[in-house]
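[1] 3D, please:
(2 chains)
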Amino acid sequence: MTSQAQIPARGHGTGAQTLIGLMFRAEAVLIPVGALLAGAAAFSLFLLAIGKSPAEFYALVWKAGFSSAFSWQNTLSRVAPLVLAALCVALPARLGLVIIGGEGAIVLGGLAAAVTGTAVAGLPAGIGMVTMALAGMALGGLWIGTIGALRIKRGVNETISSLLMAYIAIALMNHFVEGPFRDPASLNKPSTAPLEAGLRVGDMPFVAAHWGVVAGVLACLFCWILIERTTLGFAARIAGDNVRAAQVQGLPVSRLVIGFTALGGAFAGLAGYFEVAAVHGSANASLIAGYGYTGILVAFLARHNPLAILPVAVLLGGFEASSGLIQRRMDLPDATIQVFEGMVFVIILLSEALYGRLRIFTPAFWEHR
Amino acid sequence: MDQVEIGLWGVPLAILGGAIRVSTPFIFVSLGECLTERSGRINLGLEGTLVFGAMSGYAVAYESGNPFVGVLAAALAGACFGLLHGWICKFKGVNDIAVGIAMMLFGMGLAFFFGKPYIQPQAPDLPAFNLGWWSDIPQLRAALQVNVLFIAGGLLAVAMAWMFRSTRVGLIVRVVGDSTDAARAMGLSPDRVRLLATGAGGALAGIGGAYLSLYYPGSWTEGVSSGQGLMAIALVIFARWNPINCFWAALLFGGAGALGPALQSVGVSEGYYLFFAAPYVLTLGLLILTSSPDRAMQGAPLELSLTK
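    Below is the predicted model:
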């Protein structure tokens, strides 16, 4: 890259600068947390209105999501795909693109990994696993990268095209799983041939969760460094704020858009790989689990900050893990968590109107005390 | 009456019939979105409104025994979603595209939540007109079973085109959609006009949903819509924000959606899932063809964030 962009020095300035920085960060943390609490309160009112107990609901979420080793296992099993799916939203979002079709990249990434798995059956397990993961990432990256390319080269609205491509991806997977790659032994649920044992991803030591969680954490760290600590990420943030300014500066906006969308897609494809290699053992309709859609909420709650994605994914993973128990104990439909997530999502977006409006987050408010 | 052997002629006939049957929700959602976008706002949440309209229309038709009461309820529910969307987007700094996604997930969640008890019972269907009475061929008669809402949708398209061209309300919507400043200078309140346009658009999407559950496919399930609400939004871009074009585009999309079942009916089952993807591929293809990287889109409302 040829640009002489300078990353502004952080912190350690004069007192006033420190205060401004502190206020800025406090605002960035407290507004989303407040919105989350407001969403939880709105959902409590909803439960009261239909004659159910909010206290029981949140107690069950705690019990099924966070209270024991077993419930943590349940929660963490959802964290890996949620984190990776959220990155597929957050990375393009830093460039100002709203991509919501991560589900398609997960499904196709899983399919590519499963099909590659049958092809590399004879090779050493390590090489086979890496090949599978790369295949999933490549197809996922190609899929979402295409959406970025269509946006920048043809001006196609990326939100609509990404969701259309998610439907196309699911149709493609159904076609291949029921047709060319179907394992004849899979009778009731058409699937690809099961992976051999050596290619399955196992659980981590001490924690009853598969290695995908570690991959998710590493992916978040990688993305945070990319966005916050490299000139590439700095260029992307400029382009996200103002495309024209970025173009005038001579920044390679097209390549940034295609690169960031493809990288996001690659992470979603990796999520598909882990779903196949660590959870299902083959590609089938179970891949269409909605992680791509919950991932959108995770990314928006985290305000597209890769490090914030981790705790948010754990929180929402816990909520989703408690769905079954809530259905049984409270006699509520399985869509209860979806209603909760929808309310939180709407309120989070509403809270965007508060940035820069609350006097409590201005240094002037504190200096006069 | 026995089936008459008409061989491969069955395919275009089935596509024609399918286009008429499948297109109705497209007509209503795209007209609703057309109205909303003409006022300068995009509502991507109509997929959720469509699904909630399908559920509420079905539930109310079942409880009341009258499908038209169901349609009315779906329209009211849709208007509520539209008004909520419009109210949220009024605030500065709120991204209307993201709000649409949230409303989509919220609407679907609510529909599945309240719709659980209505998956089994059978609600009354909307009536259809038999426009194929003159023919002896049963397949043609089946194809020309035209639902009352399809006709209503066609009339609505004409009425909306007339409204935009020749009425005061149409002019107000167009001015607000093309320039917020000019609208303010004329003493209009852009926020209020957009709120009402989004509410009306939601009501139309709700009616489209009621058609899904009360006529074709004709029952309430969680898979009642598979992206029709979203395709209808893409369709508005393709139709260049013109209500009459929306009607024809909806027929085209309906025909694409009927391609898979039509081929299956004459025994072509190879690649069934690929034909199932035809409407999405068609939508994407048209979106690519009709978008443009550097020119502002012809006919687009100037205040629309979609085209900025």
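[2] mind checking the longest helix of the chain?
    No chain specified, so I'll use chain A. The longest helix of chain A (DSSP state H) is helix A:15-49.
[3] oops, wrong one, chain B.
    helix B:10-38.
[4] and the next element down the chain from that helix?
    Once the chain leaves helix B:10-38, the next helix or strand it forms, by DSSP states H and E, is helix B:46-64.
[5] does the longest helix of chain A reach chain B?
    No. Helix A:15-49 is not in contact with chain B by CB under 8 Å from any CB of the partner chain; minimum separation 9.3 Å. C-beta coordinates here come from the backbone N, C-alpha and C atoms, glycine included.
[6] would you pull up how far the first helix or strand past that helix going along the chain lies from the middle of the chain?
    Later in the chain than helix A:15-49, the nearest helix or strand by DSSP H and E is helix A:54-65. Centroid separation for helix A:54-65 versus its chain: 24 Å, with CA atoms, centre = their mean, to the nearest Å.
[7] same check, this time on stretch B:194-213
    8 Å.
[8] mean confidence score for that stretch?
    Averaging pLDDT along stretch B:194-213 gives 97.
[9] next, the buried residues of stretch B:275-295.
    B:275-284, B:286-287, B:290-291 (16 or more other CB atoms under 10 Å in any protein chain shown).
[10] sorry, back to before: what's the longest helix of chain A packed up against?
    Counting contacts by 3 or more CB pairs under 8 Å, 6 or more residues apart in numbering or on different chains; DSSP states H and E, helix A:15-49 packs against helix A:54-65, helix A:336-351, helix A:363-367.
[11] pLDDT (mean, whole number) over it?
    Rounded mean pLDDT across helix A:15-49 is 89.
[12] by how many degrees do that helix and helix A:336-351 diverge?
    Computed by axes from the mean of the first three to the mean of the last three CA atoms, to 10 degrees, the angle separating helix A:15-49 from helix A:336-351 equals 140 degrees.
[13] now helix A:15-49: buried residues?
    Buried, per 16+ other CB under 10 Å, within helix A:15-49: A:23, A:27, A:31-32, A:35-36, A:38-40, A:43-44, A:46-47.
[14] what's the closest of those residues to chain B?
    Nearest to chain B, judged by CB to the nearest CB, of these is residue A:46 at 9.3 Å.
[15] just checking, the closest one touches residue A:344?
    No. With contact defined as CB atoms under 8 Å, residue A:46 does not count as touching residue A:344 (11.6 Å).
[16] let me see the contact set for residue A:216.
    A:79, A:80, A:83, A:84, A:310, A:313 (CB atoms under 8 Å, 6 or more residues apart in numbering or on different chains).
[17] now with 6 Å?
    A:80, A:83, A:84 (CB atoms under 6 Å, 6 or more residues apart in numbering or on different chains).
[18] low-confidence ranges, the chain, go.
    In the absence of a named chain, this looks at chain A. Low-confidence segments of chain A, defined by pLDDT under 70: A:1-14, A:368-369.
[19] ah, no, chain B please
    B:1-7, B:294-297, B:306-308.
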